[in-house]
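# Predicted structure and sequence below. I'll ask about it afterward.
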Amino acid sequence: MDLTVIAYIVYLLIGVALTIWVARTLSRNGRIFLADVLHGNEKLADAVNHLLVVGFHLVNFGFVALYLRQDETVADARELFEALSVKLGVVLLVLGVMHLGNVYVLNKIRRRGALEREQVPPVAPQGWTGGPGSGPWAPPAAQA
């Protein structure tokens, strides 16, 4: 069997396994973060988490498949490892960039939600102090 084909097989196996492992790890550990971002709505957090995992799989499997092609033939074991290291290194970098992008976006959403919660007063206004006719637009009281 040609070593280039072996490089393809090993690359696909490792690339798919890495993508699945990273997606599961992010899903398991990111669920709590999503619940906080979504104000404790567990069902919505689970749904968003699942959608993020599906999107993560689609993008990364697509990238692994598109990056499969090897222009030079692999002649010996050294070239096999070199080709695999370059391809898997790029896949790992793409996985890392996608992870950082997800964390950045979710952190922005979380911060926006925290700012909105801070702007709501803890107790609703209960009225103005003073008698009738007092308030922000009432005329000043007459001095005696």
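Received, thanks. Residues are numbered from 1 along each chain as shown.

# What is the one helix or strand residue 13 maps to packed up against?
Of the helices and strands defined by DSSP states H and E, residue 13 is found in helix 3-37. Counting contacts by 3 or more CB pairs under 8 Å, 6 or more residues apart in numbering; DSSP states H and E, the secondary-structure elements packed against helix 3-37 are helix 42-66, helix 77-119. All C-beta spots, glycine's among them, are computed from the backbone N, C-alpha and C.

# Please point out which parts of the shortest one sit buried.
I take that to be helix 42-66. In terms of neighbour count (16 or more other CB atoms under 10 Å), helix 42-66 has its buried residues at 45, 48-49, 52-53, 56, 60, 63-64.

# hang on, the earlier thing: relative to residue 10, tell me which of the helices and strands packed on helix 3-37 wins on proximity.
For the helices and strands packed on helix 3-37, proximity to residue 10 was assessed by CB to CB; helix 77-119 is nearest, at 6.0 Å.

# Quick check: mean pLDDT of the closest one?
Helix 77-119 shows a mean pLDDT of 83 in the predicted model.

# That helix - contacts with which helices or strands?
Judged by 3+ CB pairs under 8 Å, 6+ apart, helix 77-119 is in contact with helix 3-37, helix 42-66.
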